[in-house]
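> generate a structure from the sequence data that follows.
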Amino acid sequence: MRLSPTLPGRVLLPFVAAVALLATGGTTAVSAAEACGSIITAPLARPVPADDPCPSTDPVVCRLRVLPMDEKVEAQRTRIRYHGLLEAMPRTEADLREAGASDEEIAGELVDMRNQAKEITRAGMTPEEIRILEERNTAKYGNPLGPTADQLHVKHGSWQKVTDASVRTSYAVDRELALEYRPCTRPFLSDHLADQMWMAARWRAAR
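Below is the predicted model:
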């Protein structure tokens, strides 16, 4: 599902700019009082023994539970970067609506953006982490990156609901990494600023 060629090219710029910021480490001023984006809710839980029964049906959550602490900390940072890439999506939705895109076109574009964010984030993961993610998604959706817009439309019943779902993240995975994701309408985070906020949030959570 792609955008009509009649839509202005500028509607694609927010996601491209987000990727550029993550690559170059540019900075953007963000107020902590906004309480949105990637929020650390508590200190990370200590790893459990590998033979400890996993209460979740999600293999990604089960894998995260047993990771050594240094790897779990890195997984949390990777998740925060993924959340940061998603920050371009609300602005893109607004630009598309202003440009006259249909609900179906908007939903298709946002699902594509989310899948691109997954690909970019996985570039920093280990082969084992990528394998677990891709096996889960392939088994569930037939696609290693996750559901397509059409699959989500069958599930949710409307293109607007697909758009809404595209900016939500896995609650179970976020919770295992002591995170909560709240979509923002503010400018997206740079890699440098995301790291600063990660360090500050961890310091506050440890107090």
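> so residue 145, which of the three states?
Three-state assignment for residue 145 (DSSP: H, G, I helix; E, B strand; the rest coil): coil.
> now it: how far from residue 71?
From residue 145 over to residue 71 the distance is 23 Å, taken as CB to CB, to the nearest Å. Bear in mind the C-beta positions are built from the backbone N, C-alpha and C, glycine included.
> could you do residue 162 as well?
Using CB to CB, residue 162 is found at 34 Å from residue 71.
> just residue 50 next, same as before
13 Å.
> neighbour count winner among those two?
Shown here are residue 50 and residue 71; by other CB atoms under 10 Å, residue 71 has more neighbours (15 against 8).
> and the longest helix seen in the chain, what other elements does it pack with?
If you go by DSSP state H, the chain has its longest helix at helix 103-122. On a contact count with 3 or more CB pairs under 8 Å, 6 or more residues apart in numbering; DSSP states H and E, helix 103-122 meets helix 13-24, helix 69-86, helix 88-98, helix 127-141, helix 149-156, helix 159-166.
> now it, how far from the centre of its chain.
Distance of helix 103-122 from its chain centroid, counting by CA atoms, centre = their mean, to the nearest Å, is 10 Å.
> ok, stretch 39-53 next?
Taking CA atoms, centre = their mean, one finds stretch 39-53 lying 20 Å from the centre of the chain it belongs to.
> contacting residues for residue 182?
Contact analysis of residue 182 by CB atoms under 8 Å, 6 or more residues apart in numbering lists 35-37, 39.
> which of these lies closest to residue 170?
Using CB to CB, residue 39 is the member of the contacts of residue 182 that lies nearest residue 170, at 15.1 Å.
> bridging residues for that closest one?
Per DSSP bridges, the residues bridged to residue 39 are residue 180.
> look up how far residue 111 lies from it.
When residue 39 is compared with residue 111 (using CB to CB), they lie 24 Å apart.
> ok, those two, which is more surrounded?
More neighbours surround residue 111 than the other of residue 39 and residue 111, with 25 against 17 (other CB under 10 Å).
> returning to that earlier point: mind putting the helices and strands packed on helix 103-122 into TSV with distance to residue 180 and mean pLDDT?
Shown next, in TSV, are the helices and strands packed on helix 103-122 (distance: least, CB to CB, whole Å; pLDDT from 0 to 100):
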stretch	distance to residue 180	mean pLDDT
helix 13-24	20	41
helix 69-86	10	94
helix 88-98	17	92
helix 127-141	20	91
helix 149-156	22	95
helix 159-166	17	94
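> of all these, which one is nearest residue 62?
Using CB to CB, these put helix 127-141 closest to residue 62, at 8.8 Å.
> mind listing residues that contact the closest one?
By CB under 8 Å, 6+ apart, the residues outside helix 127-141 that reach it are 58-60, 63, 75, 118, 122, 125, 143-148, 151.
> please consider this matter closed, and thank you.
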